[in-house]
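Undergrad: the following comprises the amino acid sequence and a computationally predicted model.
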Amino acid sequence: GDQPDLTAGNTGAGDVQWLDEFVTAFDITAVHLFGHSFGSIIAAASAGMPLRSLTLMNPVAVSSDRGPHPVLSRFASALYSAAGIVPHGMGTWLLTNRLHVRGMSVAMVRTHDRALRRWIHLQHDTYYNSYTSLPGVIDAFRESAHRSVSDYVGRIRVPTLLIAGDMDDIATVAQERELCLRIPGARLEVIHGVGHLIHYEKPSEAAAAIT
């Protein structure tokens with residue numbers, strides 16, 4: 001009743017609808033759904049569909065506007081809002097310029113392995129801006145700023161695994177523990193020495209937990 005609507009009129013709704021249509025079109029009967037970061041919100045919002053299990057890695061436990069970095073959150077909101085107001089080319093530059101992308105990457109990386117750090121930065125430089133719609137990116141950011149997995153816990157009725165990094169300051173372990181308690185039967189796996197980029201920095205540990 002009080003859960004926000006993620007079924008119409010926005011990028012997240014399109015993701016949820018696409019996933020439902022994909023599963024239906026291919027007649028997939030055993031769905032084990034996985035979502036990372038913003039994808040965890042999409043996965044939780046899709047939990048009303050028939051699932052066997054749900055895995056949420058670095059799940060967004062609380063919306064960023066209620067998170068641990070309100071000043072940074074307001075700055076990011078202002079940046080994305082500006083990108084939506086100025087001419088398209090300038091808006092694209094605001095969100096895709098190298099300084100913005102590298103600053104984001106440096107803020108999230110935790111490994112001290114220089115080769116791995118360089119590779120992660122290269123991945124972000126290469127793929128972070130590989131989107132087709134500036135309005136879609138802005139819309140997705142707004143959803144991530146105002147929504148979280150917590151908004152959809154009432155839909156989750158399947159075995160659920162949460163995977164958190166103990167150095168993640170976007171979705172902290174304390175927030176993940178609280179989220180875990182709100183999902184019946186959920187289990188929390190904390191991976192040490194990593195933050196929000198578990199898939200890059202600790203892929204073997206994450207794969208073992210999922211398996």
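TA: Structure's in. What do you need?

Undergrad: so how far is residue 93 from the residue lying farthest from the centre of the chain?
TA: Farthest-out residue of the chain from its mean C-alpha position, per Cα atoms, centre = their mean: residue 87, at 27.7 Å. Remark: distance between residue 87 and residue 93 (Cβ to Cβ, to the nearest Å) = 10 Å. Using the backbone N, CA and C atoms, a C-beta is placed for each residue, glycine as well.

Undergrad: and what of residue 150?
TA: Distance from residue 150 to residue 93, by Cβ to Cβ: 34 Å.

Undergrad: looking at these two now, which is surrounded by more residues?
TA: residue 150 (21 against 13; other Cβ atoms under 10 Å).

Undergrad: quick one: list the elements packing against the one helix or strand residue 72 maps to.
TA: Here residue 72, judged by DSSP states H and E, is contained in helix 70-85. Packing contacts for helix 70-85, counted by 3 or more Cβ pairs under 8 Å, 6 or more residues apart in numbering; DSSP states H and E, involve helix 88-96, helix 134-146.

Undergrad: could you check the pLDDT of residue 1?
TA: The model reports residue 1 with a pLDDT of 35.

Undergrad: same deal with the one 4 residues further on?
TA: Residue 5 carries a pLDDT score of 42 in this model.

Undergrad: hang on, the earlier thing: for the helix holding residue 72, buried residues please.
TA: 73, 76-77, 80, 83-84 (16 or more other Cβ atoms under 10 Å).

Undergrad: now do residue 40 against residue 57, distance only.
TA: Residue 40 is 7 Å from residue 57, by Cβ to Cβ.

Undergrad: what do you get for residue 77?
TA: 25 Å.

Undergrad: residue 45 now?
TA: 16 Å.

Undergrad: again, but for residue 120
TA: Counting by Cβ to Cβ - residue 120 and residue 57 are separated by 16 Å.

Undergrad: noted, bye for now.
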